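S.K.: Structure for this input, please:
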Amino acid sequence: MDAFITTFASVRIGQRIVGPISSVDALIEADLEELESATVLAWDCEGVDLTRVGPIAVVSLATEKTCFLFDVLASQRTPEVVSLLKRLLESSDIIKIIHDAKMDVDAVHHQLAHSTGPPRHSSVG
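M.R.: As a prediction, this is how the structure comes out:
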């Protein structure tokens, strides 16, 4: 997880990193007002063999100023964390942006949220 945070932070210079979030205490500490009031979120998932059955390890949700990192593997035992992710990813009021969405959307659909809505996604090539 530390390597992921360091890598992500180096790419997003100047953006505040919050996380990893995996417990109710971490949710309280995270001050989620910015995340919950966002109208646009960039998101990404990481996991080993990420598919509908390959487990999601990390979900990152980013606003313009802050990247929130959710440790999904650890938070499986914390319904409040999973519920927040599900609510944000299913919200039709939030524009969600993702790069190369196919595997991430499929994994989230089967593991966390019924629907992420139509993502605005980019791809290369």
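
S.K.: The longest helix that the chain contains: how far from the chain's middle?
M.R.: Ranked by residue count, the top helix of the chain under DSSP state H comes out as helix 79-90. Averaging C-alpha positions (CA atoms, centre = their mean, to the nearest Å) puts helix 79-90 10 Å from its chain's average.

S.K.: Flag every buried residue along it.
M.R.: Neighbour-count burial for helix 79-90, with 16 or more other CB atoms under 10 Å as criterion, is recorded at 81-82, 84-86, 88-90. Quick note: C-beta positions are derived from backbone N, CA and C, even for glycine.

S.K.: M103 - that's part of a helix, no?
M.R.: Yes. The assignment for M103 (DSSP: H, G, I helix; E, B strand; the rest coil) places it in a helix.

S.K.: Show the pLDDT at it.
M.R.: pLDDT recorded at M103 is 79.

S.K.: What's the separation between it and T51?
M.R.: 6 Å (CB to CB, to the nearest Å).

S.K.: and L50, what helix or strand is that in?
M.R.: L50 is part of no helix or strand, with elements assigned from DSSP states H and E.

S.K.: What is the neighbour count of it?
M.R.: Neighbours of L50 under the rule other CB atoms under 10 Å: 18.

S.K.: Report pLDDT for it.
M.R.: 84.

S.K.: Repeat that for K96.
M.R.: 86.

S.K.: Just list whatever residues bridge to it.
M.R.: For K96, the beta-bridge partners are L41 (DSSP bridges).

S.K.: Number of residues surrounding it?
M.R.: 23.

S.K.: Can you pull the poorly scored residue ranges out of this protein?
M.R.: Along the chain, the parts satisfying pLDDT under 70 run over 1-14, 113-125.
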